[in-house]
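# This is the structure alone, sequence omitted:
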């Protein structure tokens, strides 16, 4: 049992190669999977890196009125959309809107992103070139429709070219979209290579994945049902791979934004499956989603109590023990620690508002 | 967003390597995943290749009376079975029946196939030798129990040997069966290699996959339940891989052929999961299954309207828009285009009857 | 159709390479997947190897009173736990308890095992060193939290070091735990390598896999629900891979040991999914679980009748036939043969009590 391996651990790729999670020394540590021989540094790295993205809200890059409104929204991550939300023949004009908005509206905002067009569209390089003319760089770049490892090379090139005349103070977070059968069957390789490239890069860090359900359904010829079993395999495979590489797992949009009852049910179930957040297309969806992906007070309470009880029993040496009627072991302890860490990260964001 | 990548696209293997989907030139196209630098040729290739196999009906190769009956059936794909439906000690005799039937009954039929015995049975080579003595070649060869990439080499050899004295006018379609845990975990490799071999071959084309549920259940020791959750993982993994390689995905048989209510429910759900067709064992199952895998008039209507609305909005440049109360984006457009293409293919078949 | 490939077949790894399942000669057999050119030897090997592990009961290695009790229990596999059930600061003392118990209590017991600490804990080598000081070697070593192929090398080294001064009469069975997202995405490689190493090893044999649900949930950040859909993908992928490599698939624990109704439902569903057994934490869970993973009398009856009917029809050459209202083919025959073999193995164990 290796308590150090929580969902905040820096890099699963190093885990795969049994290196120290911080200094990358292969043979330095006795403990072979994912723990660190540089405990303190690792801790700093982890805490610095964790950014809640419970709700990810898209705003069409062409709609100045809607972009203005984000200043009054309490959303973890607001994304200016240069892709699906924008008609193809307006795309060039809209990018200049975005550049302007980046400096006046978005930068003060705590987590902002831009969704550029996919590598396959041929528009990504130009998107990035225009966006990076803004004085302030976006915190996150969202890349739709990543289908193969090869596209990561294009993404890296496009970013390097667009940033070649600038100094990058903080690495830009990359969030990659899985939206096709091909993307899903290549996802493990994409993550492995993405985390590897992030370690070498001075300019970006692959930080999360988004599951694009509608594109995925169209790609496999599936029809969306109310209960959604047609997506169960894809979403659970997606979560498993994301978590193996310690990446955020952001779930599908609920497109009928007036139906808040289903949104709430869907969000609670999604959080229960291990997703860390959800895409939204309307401001009214934000509070419902953010609440569902936050640990409840009772859960935080339970978690803190369990951690305390565990520490007490370790000291007294009485072996297995029960807490609130359940036999407690390492997995439950791990889950409790995750809950407390997430609660602290959300609390830190609230304080910074 | 790459609209050209629909489920009819010629070859996903080329997609994997970012080649032009038609001419295979690696660096010729700007657009890197699955689109074509030879749009017109690609279009011809796609249309030529699409063969509906909504219902795949097996008829025991030993039963002349049942084989005669297929002439009055309106089934997309009729298959003479040399495998499970035929007792082992009758197999040699039955193949000669099949050769005779091929020329008298099956050839006039629009899509006919023969299910030969599996590579592992040791009977496949002899099966093909006898079948190809018919004057008319079957359009499709169905190969059961494909478990590994290595078997593709045996299949290729067997086909080449059996056809060495003949001229092959039209490539024979191969449809491969997944019927074991091993076949399922090797499926991605099987498809990748199968599509690769098809490109090089003058005599065959891997065109579809069949999920053999009963063999699969026996192999993993599962019991079939009414709701079928024990097969959810296998069937959804199967669909995902088939679609990633742009292959047809043909679902399990409903063995209780008198129970048409369950058949209908099962077929509708199957189509909703992305399967393109379903195996049947009795003529009475055909119309129910073929209806379930056809798009409804309302759906075709919706699709055509959406495509029209999208084109209008592209012209006027108003960005995101709603259609019949839903926000429309590329995935929905894609799904609409798929529906229209399938409807046209089925309509073309009906006209040819 | 290859009737020889049942879930008792010796090694799927040989299947992968199309070798004879017994003598490993690559080109010797005509039949290429998983069948044997040494039928009689293979048969002996299979029968010798099959050990029912319907219920796997953990007893904390620190609790002598509970360890004493196993002598009156009718459980397929009793496991002394050196891992989660034992507080970290008591671990050294407990291992000596285990050594003592091994010789006085456990050895007479039919299938006993020891769960050591994971490779990543750094405690495994010491665990094995102490355990193997007992006069009698445990039949099974259970290794928790196997996350990568690399850990198999550590496990092999640890076992070899701990056994270097002893003669190993019977190979020790290894049972490996999947308890993380990383372990699950690496499971295929782990099994492939594990089976390969087993073939070369004189001291161990990878014999089964355990799914550790609570650790897995904590790892992916999922919450357990009553219906358990959050684990469906992981458990079905686990079963599929286990069965592809002909390994036992042992399901998650139901931690609320007072709730026997849910335990029974869960066990029946689990057996229906292809799991071969289930972990338990309380003696009262044993009979419920063992019954659920045993074939029913009706099922054995059905299976024997089907086999008889099949043989009769083969002789008379009447091709496809129905049995009790169902059309019978090879998959159903296979399932029938599996049922009879499992029933015989359980019966053999009962006789030996």
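Right, received. Where do you want to start? Treat the numbers as computed from the prediction; the structure is a model and nothing was measured.

# helices or strands next to the one helix or strand residue A:196 maps to in the packing?
Per DSSP states H and E, residue A:196 falls inside helix A:187-200. When contacts are defined as 3 or more Cβ pairs under 8 Å, 6 or more residues apart in numbering or on different chains; DSSP states H and E, helix A:187-200 sits against helix A:12-16, helix A:149-162, strand A:172-178, strand A:204-211, helix A:232-244. In this view, the C-beta of every residue, glycine as well, is placed from N, C-alpha and C.

# Any part of the helix or strand containing residue A:182 near chain B?
Taking DSSP H and E as the criterion, residue A:182 maps to helix A:181-185. Yes. Using Cβ under 8 Å from any Cβ of the partner chain, we find that helix A:181-185 touches chain B at A:181-182, A:184-185.

# Up against chain B, what does the stretch 101-250 of chain A have?
A:117-122, A:144-145, A:147-148, A:150-151, A:154, A:179-182, A:184-186, A:212, A:214-223, A:225, A:229-230, A:232-234.

# so which of these also contact chain C?
A:232-233.

# Just the buried subset of the residues of the stretch 101-250 of chain A next to chain B, written out for ChimeraX, thanks.
The buried residues among those can be selected in ChimeraX (16 or more other Cβ atoms under 10 Å in any protein chain shown) with this line:
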select /A:117,118,119,120,121,144,145,147,148,150,151,154,179,180,181,182,184,185,186,212,214,215,216,217,218,219,220,221,222,223,229,230,232,233,234
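
# Packing partners of the longest helix along chain A?
In terms of residue count, the longest helix belonging to chain A (DSSP state H) is helix A:330-352. Contacts defined by 3+ Cβ pairs under 8 Å, 6+ apart place helix A:330-352 against helix A:297-316, helix C:213-220.

# closest to residue C:103 out of the ones you listed?
For those, the distance to residue C:103 is smallest for helix A:297-316, at 29.8 Å, taking Cβ to Cβ.

# Do the closest one and chain C come into contact?
Yes. For helix A:297-316, a contact with chain C is found by Cβ under 8 Å from any Cβ, at A:313-315.

# got CSV for the residues you listed, with neighbour count too?
Putting those into CSV (neighbours: other Cβ atoms under 10 Å in any protein chain shown) gives the following:
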residue, neighbour count
A:313, 16
A:314, 15
A:315, 10
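
# Mind checking what secondary structure the nearest residue to residue A:292 once chain neighbours are set aside has?
Spatial nearest neighbour of residue A:292, excluding adjacent residues (Cβ to Cβ, 6 or more residues apart in numbering or on different chains): residue A:267 at 3.4 Å. When classified by DSSP: H, G, I helix; E, B strand; the rest coil, residue A:267 comes out as helix.

# Tell me, how many residues neighbour residue A:267?
Residue A:267 has 25 neighbouring residues, counting by other Cβ atoms under 10 Å in any protein chain shown.

# What angle do helix A:297-316 and the longest helix of chain A make with each other?
130 degrees (axes from the mean of the first three to the mean of the last three Cα atoms, to 10 degrees).

# For helix A:330-352, buried residues please.
For helix A:330-352, a neighbour-count test (16+ other Cβ under 10 Å) marks A:330-343, A:346, A:349 as buried.

# List the contacts of the helix holding residue A:182.
The contact list for helix A:181-185 (Cβ atoms under 8 Å, 6 or more residues apart in numbering or on different chains) reads A:145-148, A:177-178, A:190, A:216, A:219-220, A:234, A:237-238, B:12, B:15-16, B:33, B:188, B:240-241, B:243-244.

# Low-confidence ranges, the stretch 151-300 of chain A, go.
Along the stretch 151-300 of chain A, the model assigns pLDDT under 70 to no residue.

# do that again at 90, thanks
A:165-170, A:214-215, A:218-219, A:221, A:223-228, A:246, A:255, A:295-299 (pLDDT under 90).

# average model confidence for the longest helix of chain A?
Per-residue pLDDT over helix A:330-352 has a mean of 75.

# A strand includes residue A:249, no?
Yes. Counting by three-state DSSP, residue A:249 is located in a strand.

# Name the nearest residue to it, sequence neighbours excluded.
residue A:242 (3.8 Å).

# show me the contacts for the one you found.
Residues in contact with residue A:242 (Cβ under 8 Å, 6+ apart) are A:191, A:208-209, A:248-249.

# can you pull the buried residues of stretch A:301-318?
A:302-303, A:306-307, A:309-310, A:313.

# so how far is that stretch off the chain centroid?
Counting by Cα atoms, centre = their mean, to the nearest Å, stretch A:301-318 is centred 31 Å from the centre of its parent chain.

# Likewise for stretch A:285-301?
Centre-to-centre, stretch A:285-301 and its host chain are 17 Å apart (Cα atoms, centre = their mean).

# Also stretch A:166-177?
For stretch A:166-177, the distance to the chain centre is 13 Å (Cα atoms, centre = their mean).

# Columns neighbour count and distance to residue A:71 on top of the contacts of residue A:242, output as a markdown table?
A markdown table is the format used below for the contacts of residue A:242 (neighbours: other Cβ atoms under 10 Å in any protein chain shown; distance: Cβ to Cβ, whole Å):
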| residue | neighbour count | distance to residue A:71 |
| --- | --- | --- |
| A:191 | 24 | 34 |
| A:208 | 22 | 24 |
| A:209 | 26 | 28 |
| A:248 | 23 | 24 |
| A:249 | 26 | 28 |
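
# if we take those, which one ends up nearest to residue A:274?
Nearest to residue A:274 among the contacts of residue A:242 is residue A:249, at 6.5 Å by Cβ to Cβ.

# I'd say the closest one and residue A:209 touch.
Yes. Contact criterion Cβ atoms under 8 Å: residue A:249 and residue A:209 qualify, at 5.9 Å.

# Common neighbours of those two, please.
Both residue A:249 and residue A:209 are contacted by A:238, A:242, under the criterion Cβ under 8 Å, 6+ apart.

# Just want the residue of the stretch 51-200 of chain A that's nearest chain C.
residue A:188 (6.0 Å; Cβ to the nearest Cβ).

# about what we covered before: list the buried residues for the helix holding residue A:196?
Under the neighbour-count criterion of 16+ other Cβ under 10 Å, helix A:187-200 has A:187-188, A:190-198 buried.

# so how far is that helix off the chain centroid?
On the basis of Cα atoms, centre = their mean, helix A:187-200 sits 15 Å off its chain's mean C-alpha point.

# how much does it deviate in direction from strand A:172-178?
Going by the same axes, to 10 degrees, helix A:187-200 makes 170 degrees with strand A:172-178.

# ok so, going back, output the helices and strands packed on helix A:187-200 in a markdown table; the columns should cover distance to residue C:97.
Listed next are those as a markdown table, based on distance: least, Cβ to Cβ, whole Å:
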| stretch | distance to residue C:97 |
| --- | --- |
| helix A:12-16 | 33 |
| helix A:149-162 | 51 |
| strand A:172-178 | 50 |
| strand A:204-211 | 47 |
| helix A:232-244 | 36 |
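
# is the helix or strand that residue A:80 is a member of anywhere near chain B?
For residue A:80, the host element (DSSP H and E) is strand A:77-81. No. Residues of strand A:77-81 contacting chain B under Cβ under 8 Å from any Cβ: none, with a closest distance of 8.6 Å.

# Direction included, what does that strand pair up with?
According to DSSP bridges, strand A:77-81 has the following sheet partners: strand A:55-60 (parallel), strand A:112-115 (parallel).

# quick one, which of those is nearest to residue C:131?
Across these, residue C:131 has its closest neighbour in strand A:55-60 (50.4 Å, Cβ to Cβ).

# need the next SSE after the closest one, C-terminal direction.
As assigned by DSSP H and E, the chain's next helix or strand after strand A:55-60 is helix A:64-69.

# residues contacting the closest residue to chain C within the stretch 151-300 of chain A?
As assessed by Cβ to the nearest Cβ, chain C sits closest to residue A:236 within the stretch 151-300 of chain A, at 3.3 Å. Contact partners of residue A:236, counting by Cβ under 8 Å, 6+ apart, are A:273, C:230, C:232-234.

# now do 10 Å
Contacts here follow Cβ atoms under 10 Å, 6 or more residues apart in numbering or on different chains; on that basis residue A:236 touches A:273-274, B:233, B:236, C:220, C:222, C:229-234, C:236-237.
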